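Undergrad: Structural data only, the sequence is not supplied:
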């Protein structure tokens, strides 16, 4: 599981409102997997995040599948993160899973989610 352990659970921008995806990363041909969150303001579309992530995982001999997406509103000054929305291309991520991943990294934050689109 060394390959999976090398993959960070969460990588998001430090501030702002941006698109995010929930991705299942697994060893090629194996049952071991983990879900990760990736989000950035530089992505115009959700698939831009996935297109950048997939080759990185390929180098680690891992495969990835996008489970869905949405948006994150990250306010580092107030230590708040809000997860919401949907990806047109990938569908809605399970925001509850995304929030659990975020809480594992941003332990002193107030983190919420909703099915709101804005």
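TA: On my side now, so go ahead. As the structure is a computational prediction, the values presented were derived from the model and not from experiment.
Undergrad: Which stretches in the protein count as strands?
TA: Taking DSSP state E as the criterion, the chain carries its strands at 10-12, 16-27, 33-40, 62-75, 80-84, 110-113.
Undergrad: partners of the shortest one, with directions?
TA: Paired strands of strand 10-12, with direction, are strand 33-40 (parallel) (DSSP bridges).
Undergrad: do the same with the second one
TA: Using DSSP bridges, the strands paired with strand 16-27 in its sheet are strand 33-40 (antiparallel), strand 62-75 (antiparallel).
Undergrad: thinking again about what came up before, so can I have JSON lines of the strands of the chain showing distance to residue 100 and mean pLDDT?
TA: Where C-beta positions appear, they are placed from N, C-alpha and C, glycine not excepted. Formatted as JSON lines, those follow (distance: least, Cβ to Cβ, whole Å; pLDDT from 0 to 100):
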{"stretch": "strand 10-12", "distance to residue 100": "10", "mean pLDDT": "98"}
{"stretch": "strand 16-27", "distance to residue 100": "11", "mean pLDDT": "97"}
{"stretch": "strand 33-40", "distance to residue 100": "9", "mean pLDDT": "97"}
{"stretch": "strand 62-75", "distance to residue 100": "13", "mean pLDDT": "97"}
{"stretch": "strand 80-84", "distance to residue 100": "11", "mean pLDDT": "98"}
{"stretch": "strand 110-113", "distance to residue 100": "9", "mean pLDDT": "98"}
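Undergrad: Would you mind giving these as a markdown table with distance to residue 3 and mean neighbour count added?
TA: A markdown table is the format used below for the strands of the chain (distance: least, Cβ to Cβ, whole Å; neighbours: other Cβ atoms under 10 Å):
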| stretch | distance to residue 3 | mean neighbour count |
| --- | --- | --- |
| strand 10-12 | 17 | 17 |
| strand 16-27 | 6 | 20 |
| strand 33-40 | 10 | 20 |
| strand 62-75 | 5 | 21 |
| strand 80-84 | 27 | 20 |
| strand 110-113 | 28 | 16 |
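Undergrad: All set, thanks.
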